[in-house]
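Novice: Just to be clear, the model below is a prediction. Sequence and coordinates:
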Amino acid sequence: MMKGAVAFFLFAVCVIYLYAANGFAVGTLSNPKAGFLPLIVGWLGVVFAGINAIQVFRAGWKGAGTAIEIRRVSLFAVGLVAYAALIGFAGFFISTCLILFFLLKLSNPKDWKVCLTTPVAVSVLLYVTFTYVLTLPLP
């Protein structure tokens, strides 16, 4: 029962995020605006959270959820809100590194090297992609 509640809570959070992302101007594919990437992320979140909720529902909500699962989902949501708040102050690179590190630690990896190198590598890859390949400004 708890896994179903967590799955539907995650779906609801993604729907709320998508609703908030709709407030930004999207632009076009050749001239994207501030809402282009948040809208894509919002739709992906809704689709994947919806698929997860359907899979949990089809499985009959077997298996009891734990307080740790609720804590993880709650911390994930708090992390996304913190990222949105932090990006305006600290900028793209630092904010993205911090949120990725936080989310990786939330998933309990065993190797610290992965937790330290992955956020930096992903942030650099995103920065290079948006700045040099797509020639789009980042916050």
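Specialist: Everything's here; your move.

Novice: SS state for residue 137?
Specialist: For residue 137, the assignment made with DSSP: H, G, I helix; E, B strand; the rest coil gives coil.

Novice: got the phi/psi numbers for it?
Specialist: Note on residue 137: its backbone torsions stand at phi -70, psi 140 [degrees, to the nearest 10].

Novice: One more: residue 25?
Specialist: Geometry field for residue 25 lists phi and psi as phi -70, psi 140, criterion degrees, to the nearest 10.

Novice: Tell me how far it lies from residue 31.
Specialist: According to Cβ to Cβ, to the nearest Å, residue 25 and residue 31 sit 10 Å apart. C-beta coordinates here come from the backbone N, C-alpha and C atoms, glycine included.

Novice: quick one, domains of the chain?
Specialist: Partitioning the chain according to automatic domain parsing yields domains covering residues 1-65, 66-139.

Novice: residues of stretch 98-117 that come out buried?
Specialist: When burial is assessed from 16 or more other Cβ atoms under 10 Å, stretch 98-117 yields the following buried residues: 98, 99, 100, 101, 102, 103, 104, 115.

Novice: Mind checking which of those are in helices?
Specialist: 98, 99, 100, 101, 102, 103, 104, 115 (DSSP state H).

Novice: Have a look at those and tell me the least confident one.
Specialist: Within the set of those, pLDDT is lowest for residue 115 (76).

Novice: so who does the closest residue in space to it that isn't next to it in sequence touch?
Specialist: Counting by Cβ to Cβ, 6 or more residues apart in numbering, residue 115 lies nearest to residue 104, which is 4.8 Å off, once chain neighbours are set aside. With contact taken as Cβ atoms under 8 Å, 6 or more residues apart in numbering, residue 104 is in contact with 114, 115, 118, 119.
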